[in-house]
Structures are given as C-alpha cells and as structure tokens.
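> A predicted structure for the sequence below; I have some questions about it.
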Amino acid sequence: MSSGSWTTHTVELGPHRVTKRFRSTARGGGEREWRALSLLAAHAPGLAPVPYEADLTAEEPVVVMSRLPGRPLRGQELDGERIDALAAAMGRLHDAVPAGVLAERTPLRPGHQRELVAQLRAWAPQCDLRPDGEVVRAMRLGLEWLSGCALEQAWPPGVRPVFGAGDGNLANYLWDGSRVRVVDFEDSGLSDRAFELAEVTEHVGSWVERPLDVAAFLGRFVLADAEAARLPECRRLLALVWLFLLAFDEEGRARNPPGTAARQARRLTALLA
C-alpha cells in the first residue's frame with residue numbers, strides 16, 4: 001500500500017526496457033526501487049526486472065529496467081494455478097535477501113505498522129465531520145479496536161524480518177502462463193511476512209473486481225506461531241486504512257465503482273467480529 005499520492009511516477013514502455021520517472025513527491029521511491037531491483041538481481045534472479053541504469057539525483061529520479069513478460073493478475077480469474085504461482089513468487093521474494101544483507105542494506109519500508117497507526121489517528125477526527133452511516137460506524141468500530149491493539153511497537157517480538165515489496169496491488173504481479181514475476185518496488189523495504197500477506201489480501205484490487213480466494217491464498221503459506229497470531233491484526237489495520245482511503249476517494253474523483261467504501265465497511269466489520 002502506498003499512503004502517499006495515487007500517482008507517484010510515470011512509466012515509459014519500450015519493447016525491451018521500462019523507464020520509470022518518479023515525481024519529486026515520491027518520498028525516495030527511486031532509491032527504494034533501485035535498491036530492490038539490485039538486491040533481487042543478485043539474490044533472486046528472474047523474479048523481478050533487471051536493473052539497467054538509474055539517475056537518482058535528478059529532479060525527477062529515473063530508473064531503467066528490463067521489461068518482463070506477462071499480464072497483471074488484477075482482474076484475472078485467480079484459479080489454483082495462478083494462486084500457486086503468486087504464493088511461490090511472494091515466498092521467494094520474502095526469503096530472497098540474506099538476513100545479514102537485509103539488516104545492513106534495507107531500511108524499514110514506508111507505510112509499516114507504526115506509520116499507519118499514526119496516520120489513522122490523524123484521520124480519526126474525520127469521523128465526526130461525516131453523516132452517520134455504515135461507513136462511519138465501521139470507522140468508529142475500527143478506531144475502537146485500534147486503541148487497544150499493540151501495533152505501535154517498533155518491531156513485533158518473535159517475527160522474522162523479510163524483504164517486502166510494500167504494495168499488495170495484484171497489478172504488480174505478472175502472470176506469463178506458468179509463473180509470476182513482481183514489479184513496482186518504490187515502497188519496498190524491511191518488513192515481515194504477516195504484514196506483506198495482509199497487504200495483498202486487504203488491497204482493494206484483490207476483491208473489488210474478481211476476488212482473490214483469501215483462504216486458499218493464505219493456505220499456501222506455513223506461518224510461524226507469531227506470524228499466524230499477527231496476521232489477523234495486520235489485516236484489520238490495513239482494512240481500516242483502506243476504509244478511510246476509499247471514503248476519501250468517493251468524495252473526490254472516484255477510482256472505484258460506486259459503493260466500494262460501503263463494501264469495505266462490511267469487510268472490515270467482518271474482520272473485527
């Protein structure tokens with residue numbers, strides 16, 4: 001999930017190359033993209049684009065990479081074969097970077113738990129400015145849960161760090177008919193598996209069109225006890241963030257079908273039950 005602008009970059013597609021230009025408001029997205037591509041080229045070749053060149057000091061930083069084959073999973077019918085391939089790609093991504101390299105070279109990804117908790121608290125007064133209804137009631141229920149959760153700590157105890165893509169949009173996972181590859185790493189960094197899995201399950205792109213079978217997807221992963229206990233909390237947190245984002249979206253230039261915020265309110269309420 002990106003908690004910043006909806007449009008942080010532009011993309012120029014060539015036959016074999018992709019040029020990604022980051023807006024000045026992209027909050028270091030170019031550096032994170034280049035770092036991720038470099039790390040994955042070294043430790044998980046073939047999973048992500050090959051990094052060709054970068055100008056990270058330009059007013060609008062530029063990263064040039066190879067163009068991968070495949071169609072985005074978002075909007076496709078996600079059958080068992082595609083879910084298997086998605087889970088395999090994510091598992092490889094999480095385990096790709098050795099622990100020592102991860103600790104030394106990979107800062108915490110943007111939009112991790114403490115940042116999102118702070119953002120939600122900043123948004124909380126918006127509830128009092130809105131007419132009562134299904135969305136506002138779900139917001140208040142979520143904020144009540146948030147006040148008693150333990151997601152403000154720096155790092156959850158007993159949870160192994162992993163390399164995280166930082167964006168759960170299924171449009172960033174390309175299916176070529178036999179495997180899934182991953183693109184878009186501007187929000188990547190140090191994370192944990194439960195949080196990154198929740199990024200996918202709770203992203204609006206995983207349910208607004210052709211829903212991902214969440215139980216089947218999560219069933220592909222063998223989680224440690226601490227990860228399994230953490231996963232529902234991460235899903236609630238991200239679902240609450242999405243509820244606010246979708247409500248704000250409907251007030252402006254809506255990017256999703258009418259009623260999406262109300263559907264998200266019902267999803268969040270179910271997760272909190």
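The structure has been received and is ready for your questions.

> CA only for contacts and neighbour counts going forward, please
Will do.

> any chance you could map the helices in the stretch 51-200 of the chain?
80-96, 99-105, 113-123, 134-148, 193-202 (DSSP state H, counting those that start in this stretch).

> helices or strands up against the second one?
Translated: helix 99-105. For helix 99-105, the elements it packs on are strand 161-164, judged by 3 or more C-alpha pairs under 8 Å, 6 or more residues apart in numbering; DSSP states H and E.

> which strands or helices does the strand it packs on pack on?
Under the contact criterion of 3+ C-alpha pairs under 8 Å, 6+ apart, strand 161-164 touches helix 80-96, helix 99-105, strand 189-192, helix 193-202.

> mind checking which of these is nearest residue 16?
helix 80-96 (21.9 Å; C-alpha to C-alpha).

> what's in contact with that closest one?
For helix 80-96, contacts defined as C-alpha atoms under 8 Å, 6 or more residues apart in numbering pick out 40, 43-44, 47, 162-165, 173, 175, 178-182, 193, 216-217, 220-221.

> could I get the buried residue list for it?
Buried positions in helix 80-96, judged by neighbour count with 16 or more other C-alpha atoms under 10 Å: 82-96.

> from these, which single one is nearest residue 67?
Of these, the one sitting nearest to residue 67 (C-alpha to C-alpha) turns out to be residue 89, at 17.3 Å.

> look up how far residue 180 lies from the closest one.
Residue 89 is 6 Å from residue 180, where distance means C-alpha to C-alpha, to the nearest Å.

> who touches both of the two?
residue 47.

> ramachandran coordinates for the residue nearest in space to the middle of the chain?
With distances taken as C-alpha atoms, centre = their mean, residue 167 lies nearest the centre of the chain, 2.3 Å away. Per-residue torsions, residue 167: phi -150, psi 120 (degrees, to the nearest 10).

> pLDDT-wise, which helix or strand of the protein ranks last?
Within the chain, no helix or strand scores below strand 9-13, which has a mean of 91 by mean pLDDT, DSSP states H and E.

> mind listing what's buried in that strand?
Those would be residue 9, for strand 9-13 by 16+ other C-alpha under 10 Å.

> what about the nearest residue in space to residue 130 that is not next to it in sequence, how many neighbours?
Distance criterion C-alpha to C-alpha, 6 or more residues apart in numbering; nearest residue to residue 130, sequence neighbours excluded, is residue 136 at 7.1 Å. Neighbour count of residue 136, defined by other C-alpha atoms under 10 Å: 21.

> ditto for residue 203
Here the number of neighbours of residue 203 (other C-alpha under 10 Å) works out to 20.

> residue 157 now?
Neighbours of residue 157 under the rule other C-alpha under 10 Å: 9.

> before we move on, the earlier item: buried only: go through the contacts of helix 80-96 for me.
Buried members of the contacts of helix 80-96, scored by 16+ other C-alpha under 10 Å, are 40, 43-44, 47, 162-165, 173, 175, 179-182, 193, 217.

> could you identify the most distant pair in the residues you listed?
Farthest apart among the buried ones among the contacts of helix 80-96 by C-alpha to C-alpha are 43 and 217. That separation is 24.5 Å.

> closest one to residue 272 among the helices and strands packed on strand 161-164?
Taking C-alpha to C-alpha, helix 193-202 is the member of the helices and strands packed on strand 161-164 nearest to residue 272, at 13.3 Å.

> could you list the alpha-carbon positions for that closest one in PDB?
This file holds the C-alpha atoms of helix 193-202, laid out as PDB (Å, rounded to 0.1, in the frame of the first residue of the first chain):
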ATOM      1  CA  ARG A 193       5.600 -11.800   6.200                       C
ATOM      2  CA  ALA A 194       2.300 -11.400   8.000                       C
ATOM      3  CA  PHE A 195       2.200  -7.700   7.100                       C
ATOM      4  CA  GLU A 196       3.100  -8.300   3.500                       C
ATOM      5  CA  LEU A 197       0.400 -11.100   3.100                       C
ATOM      6  CA  ALA A 198      -2.100  -8.700   4.600                       C
ATOM      7  CA  GLU A 199      -1.100  -6.100   2.100                       C
ATOM      8  CA  VAL A 200      -2.300  -8.400  -0.700                       C
ATOM      9  CA  THR A 201      -5.500  -9.800   1.000                       C
ATOM     10  CA  GLU A 202      -6.700  -6.300   2.000                       C
END
